[in-house]
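Trainee: return a 3D structure for these sequence lines:
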Amino acid sequence: MPIQIETVESRPFAENSYVVWRDGGTEAFVVDPGFEPDLIREVLADHGLTLAAIVCTHGHSDHIAGNADLKDAFPDAPILIGAGDAPMLTDPDRNLSAAFGLAVVSPPADRLVREGEKLTVAGVELEVFEVPGHSPGHVVYLIRETAPYTVLGGDVLFREGIGRTDFPGGSFDDLKRHIERVLWPLPAGTVVYPGHGPVTTVGHEKRANPFLT
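Mentor: Predicted coordinates:
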């Protein structure tokens, strides 16, 4: 059964959340719910879906701001995040929301994920890879059963850009090294769904990304 991915862009940071489900299925998972979780709930309702999990790529506030709302609406949906970023969920200083006067707090993680794990969420298998540099515990999720492959990439790789590395715990050298280690070996057609901006492909970024070529 084909896999559907619907983008929900949240203000004020133009952050991309993704609702992912199988055609004909009754469950979905959401990647990185932002500041407008009501839009995510509308997508779920429109397609008759319940939420199976809240899947976080990292712990910055614009990617976790909707966690509490969705957890309230779907209390059985676990929150997943890379082990290195889990402390950000409950700490407005670490998740950078305090600096904007927002004080975002998420419920704590229900499950910590690490490189090498394979998860099945709403019937979709996700492979976990650690790609630090934008945040210390940033992870990306690879779906191999789509054609081409799909990467749910958070703030690692954008269309002709990369995630900021000037935040606490950031490192340009780490980010570049791990992009080259994790993403560059994937097929050129692999589609990357980023945390901001339009989708891109591994092949395009290897050719055209000014930060990495």
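Trainee: neighbouring contacts of the lengthiest helix in the chain?
Mentor: Criterion DSSP state H: the longest helix present in the chain is helix 37-46. The contact list for helix 37-46 (C-beta atoms under 8 Å, 6 or more residues apart in numbering) reads 6, 8, 10, 17, 19, 28, 30, 33, 49-51, 65-66, 69-70, 73. Where you see a C-beta, it was placed from the backbone N, CA and C, and this is true even at glycine.
Trainee: which of the residues you listed are buried?
Mentor: Buried members of these, counted by 16 or more other C-beta atoms under 10 Å: 6, 8, 10, 17, 19, 28, 30, 33, 49-51, 65-66, 69-70.
Trainee: any idea which helix or strand comes after the longest helix of the chain?
Mentor: As assigned by DSSP states H and E, the chain's next helix or strand after helix 37-46 is strand 50-55.
Trainee: what comes into contact with that following strand?
Mentor: Taking C-beta under 8 Å, 6+ apart as the rule, strand 50-55 contacts 26-33, 44, 67, 70-71, 73-74, 77-80, 121-122, 126, 141, 152.
Trainee: tell me the mean pLDDT for it?
Mentor: Strand 50-55 comes out with an average pLDDT of 98.
Trainee: just want the angle from it to helix 37-46.
Mentor: Strand 50-55 and helix 37-46 are oriented at 140 degrees to each other (axes from the mean of the first three to the mean of the last three C-alpha atoms, to 10 degrees).
Trainee: give the buried residues for the helix or strand following strand 50-55.
Mentor: Where DSSP H and E defines the elements, the next helix or strand beyond strand 50-55 is helix 61-64. For helix 61-64, burial by neighbour count (16+ other C-beta under 10 Å) applies to 61-64.
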